[in-house]
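**Student:** quick check, what structure comes out for this input:
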Amino acid sequence: MGLRSKNRIFYLDILRVIACLSVIMIHSSAEYVTNDIGSFNFWIGNLFDSLTRIGVPIFVMISGALMLDKNYQYETKKIIKHITRMIVFFVCWSAVYCLIFEIIGPVVVFHEAVSVINIIISFICGYYHLWFAYLIIGLYLIVPLLRLWVKDDNKKYVEYFIILSIIFTYLIPQMISICSNYSGLFEYLDSIIEKLCLKYVGGYTAYFILGWYMHNYDIKKKRIVYILGVLGLIVSIFGTYILSVSTGTALQMYENLSINVLFQSIAIYAFVKSKFADIQNKDNKFLNSVSKYSLGIYAIHAMIVAIMNKIGFDIAIIGIMTIFIVSFLISYLSSIIISKIPLLKKIV
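**Tutor:** Modelled structure (predicted):
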């Protein structure tokens, strides 16, 4: 999803497929994590959700690995082309989702009046998963600036940036957010952090730069990385349960910008790279195909998930796996079909 490389890198294709399937799984299990807190269904949904929260971070890391690489032929026209493609992607799919869920659904299914204001707002904001297009466009806009200093000669500065991001984007904000559920005192600490104005190391830029860093440098102490990844997963699973049960509200402890998800994402990236980075020019047609159509799969799957959720599966494991498999297959096959249509192939 996002940037595609003509000279395919096998391990990045594997990561892209993992990220694509992870996002579908997140949305397939979402219904079970927000209802019946503490129940068996909740636990199953929480487990699948926690395992696959690496989806968006991995996508961003892949883009960073490719666009910040020294071998990437950077041109202003190229960046503009990437941004234009994402704008077209967003406009087209936002229009499709508006048509289905803001016009056809209310009018045909529920016989309700259509709100023009709701349609406009829905179109501009996009369906819940299309926020990713805004994120990628924002990252593309700062690529020229990042390429000025994200390079081998500045490795120590890159590492310093990553450390600052881990502390002030992932660790401290998450601790404040968790503790704020139990005491209002931590809101004052949040305001103090805000006064530091460290937005420069905020957001998803750290994932973007981490992608470049991990693509170019091998982590020597992989065992520590894997242990942190497992600990991150444990925190995601049990942290979500404890927060949700103790507050009586479904509170997930695995936002993309959380320290545990960061550790999980780094561990998966490191593991896949260590196993497959040395494999070149491997021809796996299915894997290459899913990687190629990951953007289209991402765009379409939310529609299928929404429709499948209307069925209502009482048993979580059956519901999640059914929704996941059906959503993936329909999204994948639809992307292939759409790619054969000249005027539409650019949106998948």
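**Student:** for A302, what are its contacts?
**Tutor:** Taking CB atoms under 8 Å, 6 or more residues apart in numbering, we find A302 in contact with 27, 97, 127-129. C-beta: built from backbone N, CA, C; applies to glycine.
**Student:** any idea which helix or strand carries it?
**Tutor:** helix 294-309 (DSSP states H and E).
**Student:** mind listing what's buried in that helix?
**Tutor:** Residues 294-306, 308 are the ones in helix 294-309 that count as buried (16 or more other CB atoms under 10 Å).
**Student:** which regions of the stretch 201-348 of the chain sit below the pLDDT cut-off?
**Tutor:** In the predicted model, the stretch 201-348 of the chain carries pLDDT under 70 at residues 281.
**Student:** what are the ranges of the helices in it?
**Tutor:** 205-216, 222-247, 259-276, 285-292, 294-309, 316-339 (DSSP state H, counting those that start in this stretch).
**Student:** closest one to I44 among those?
**Tutor:** Counting by CB to CB, I44 lies closest to helix 316-339 out of the helices of the stretch 201-348 of the chain; the figure is 3.9 Å.
**Student:** what helices or strands is that closest one leaning on?
**Tutor:** Applying 3 or more CB pairs under 8 Å, 6 or more residues apart in numbering; DSSP states H and E, we find helix 316-339 packed against helix 10-33, helix 40-51, helix 285-292, helix 294-309.
**Student:** and for stretch 216-232, what's in contact with it?
**Tutor:** For stretch 216-232, the external contacting residues (CB under 8 Å, 6+ apart) are 69, 152, 155, 259-264, 266-268, 270-271, 273-274.
**Student:** go through that stretch and flag the buried ones.
**Tutor:** Buried, per 16+ other CB under 10 Å, within stretch 216-232: 216, 219, 225-226, 228-229, 232.
**Student:** how about stretch 16-35?
**Tutor:** For stretch 16-35, burial by neighbour count (16+ other CB under 10 Å) applies to 16-34.
**Student:** for V108, find the nearest of the helices and strands packed on helix 316-339.
**Tutor:** Across these, the minimum distance to V108, taken as CB to CB, is reached by helix 294-309, at 13.9 Å.
**Student:** rewinding a little: which two of the contacts of A302 lie the greatest distance from each other?
**Tutor:** The farthest-apart pair in these, when distances are taken by CB to CB, is H27 and Y97, at 13.6 Å.
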